[in-house]
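Engineer: Here you go, sequence then predicted model.
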Amino acid sequence: MERPQEKRTNPGAATLLREMVRSGVSVHILSGSPEQMRRRLEDKLRLDGIAWDSFTLKPNLQNVLRLRFRAVRDQLGYKLPALLRARVLAQPSETGESAHRKETLFGDDAEADAFVYSLYADVCSGHVGTEAIFQIATRGRVYPDVLESLLQYTRDLERREVVERILIHLERQTPPDDFRIFGARVVPFYNYLQAAFVVHEDGRLPADAVLRVGVELVVQHRFDGEALARSYLDLARRGHLRGTRIEDVARAFAAWGDRMPAFAELRRMVERLPSLAETARSAWRGADQSLPDYTALVENHNPRHRRRAR
C-alpha cells in the first residue's frame, strides 16, 4: 500500500547500485515481489536514480488462478528457472570478451537466495547436472512443467564458471556462520559498505564509489569512522576479503580533498585499512568452495519453511 516515495531503501544500497551502473555493470533485477507491484517498484528505483537492464517479478496472480498455491511462496521453482533461462538466452550473443563476463548476485536472508544462487552457480559451472537437478527439484516439490524447464535449461547451458560472488544481506540478522555450508563464494554482509568493499576488491567498482557509499552511511545513518572500519574488519575476519586494492581507496580519498562530506570519519577509516588488510590476507577463504549437498538441503532451503517446522 506504500507509495514509491514512502518505501524504505537499505542504507547505502541505492548509492552502491548507482555507482555500479555508472561503472558499466549491467543490472538485472529478479524479485520475489508480485508482478502487480511493478509500477510502484519501478517508480521507487527511478526515485533512487537507479537504471536497470531487466526487471523480473513473480507471477503470483497467475499462480493463484492456476491453483498453484505452493508457487506463491516457493523460490526454487521461480528464481532458478528464471536465472537459467536468462543465461541460456544470453549465450548466442556472447562472444569474445563478453562470453567471459562474471556475475555478482545480490540477495538477502529473508528468502532462499543463498541456496538458489549457489545451486545456479554450480549448474553453470557443471558441478551439478540434470540428474542432480531432477532429484533436488523433486524433493523441493517443484511443479512438473517447471521441472521439465529446469532440465531443458540445464541441458542447453554452456558450462563455465559464471558466478564470482553471492552477497547476502543479513536483513533478518541471520548468523553469518549459517551460510558457511555454501562455501566462500557466499558473502553474508550487514551493510552496503561491506558489499562495496567486496565488489571493489573484485574489480567491479572504482575506489571513489566505495567512498560515496561511506559518505551516505556517515551523513544519513550516523556511522562514525570506527564503524566504517569495523565493517571492513568484520568481513576480513570472516575470510571474505583478500586485503587488496586498499591503496586505490587511499588515493581516491587523497584526491577528494578535505572539503568532502564526512571527511574526518572517512579519513579515520582510510587510516585503519592498511592494518585491517593484514587480517584479511591471513584469513582469506578463497579456495574454500566445496559442493553443498543440495539434495539434503532443499527441504529446508526456504526460511519460511524452517519457521513452520519449528
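Structural biologist: Received it, and whenever you're ready, just let me know what you need.
Engineer: Glu278 versus Asp208, what's the distance?
Structural biologist: The gap separating Asp208 from Glu278 is 24 Å, by C-beta to C-beta, to the nearest Å. From N, CA and C alone the C-beta is placed, and that goes for glycine too.
Engineer: Of the two, which one has the most company?
Structural biologist: Neighbours were counted for Asp208 and for Glu278 using other C-beta atoms under 10 Å; Asp208 has more, 18 against 11.
Engineer: so what pLDDT did that one get?
Structural biologist: The model reports Asp208 with a pLDDT of 95.
Engineer: Correct me if wrong, but it is in a helix.
Structural biologist: Yes: membership of Asp208 in a helix is supported by DSSP: H, G, I helix; E, B strand; the rest coil.
Engineer: pLDDT below threshold where in this protein?
Structural biologist: Applying pLDDT under 70 to the chain flags residues 1-9, 63, 67, 69, 71, 93-100, 302-310.
Engineer: Mind doing that once more with 50?
Structural biologist: For the chain, residues meeting the criterion pLDDT under 50 lie at 1-7, 307-310.
Engineer: At the geometric centre of it, which residue do we find?
Structural biologist: Centrality entry for the chain: nearest residue to the mean C-alpha point is Phe106, 1.3 Å, by C-alpha atoms, centre = their mean.
Engineer: Which strand residues bridge the residue lying closest to it once chain neighbours are set aside?
Structural biologist: Leaving aside its sequence neighbours, Phe106 sits nearest to Leu167 (C-beta to C-beta, 6 or more residues apart in numbering; 5.1 Å). Using DSSP bridges, the bridge partners assigned to Leu167 are Phe106, Val187.
Engineer: Can you verify my assumption that Leu167 contacts Phe189?
Structural biologist: Yes: taking contacts as C-beta atoms under 8 Å, Leu167 lies within contact range of Phe189: 5.9 Å.
Engineer: Between these two, which contacts overlap?
Structural biologist: Each of Ala195, Val198 lies in contact with both Leu167 and Phe189 under the rule C-beta atoms under 8 Å, 6 or more residues apart in numbering.
Engineer: sorry, back to before: contacting residues around the residue nearest to the centre of the chain?
Structural biologist: Leu167, His169, Ala195.
Engineer: So this structure: which segments form each domain?
Structural biologist: With domains defined by automatic domain parsing, the chain comprises 28-73, 76-91+100-183, 192-287.
Engineer: Quick one, which of those gets closest to Met20.
Structural biologist: Nearest of the domains of the chain to Met20, taken as C-beta to C-beta: domain 192-287 at 6.2 Å.
Engineer: ok now the closest one, how far from the chain's centre?
Structural biologist: Computed by C-alpha atoms, centre = their mean, to the nearest Å, the chain-centroid distance of domain 192-287 equals 18 Å.
Engineer: May I have the distance across that domain, first residue to last?
Structural biologist: One end of domain 192-287 to the other measures 24 Å (C-alpha to C-alpha, to the nearest Å).
Engineer: quick revisit: redo the contacts of Phe106 as CSV? Include distance to Glu271.
Structural biologist: Shown next, in CSV, are the contacts of Phe106 (distance: C-beta to C-beta, whole Å):
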residue, distance to Glu271
Leu167, 26
His169, 27
Ala195, 22
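Engineer: Distance check, Trp284 against Glu201.
Structural biologist: Taken as C-beta to C-beta, the span from Trp284 to Glu201 is 11 Å.
Engineer: Of those two, which one has the most company?
Structural biologist: Using other C-beta under 10 Å as the criterion, Trp284 and Glu201 rank with Glu201 on top: 22 against 17.
Engineer: Touching, the more buried one and Asp248? I think so.
Structural biologist: No: using C-beta under 8 Å, Glu201 is not in contact with Asp248, being 9.5 Å away.
Engineer: Next, show the common contact partners of those two.
Structural biologist: Joint contacts of Glu201 and Asp248 (C-beta under 8 Å, 6+ apart) do not exist.
Engineer: how close does Ile136 sit to Gln220?
Structural biologist: With C-beta to C-beta as the criterion, Ile136 and Gln220 are 42 Å apart.
Engineer: so what's Gly286 up against?
Structural biologist: Taking C-beta under 8 Å, 6+ apart, we find Gly286 in contact with Ala184, Arg242.
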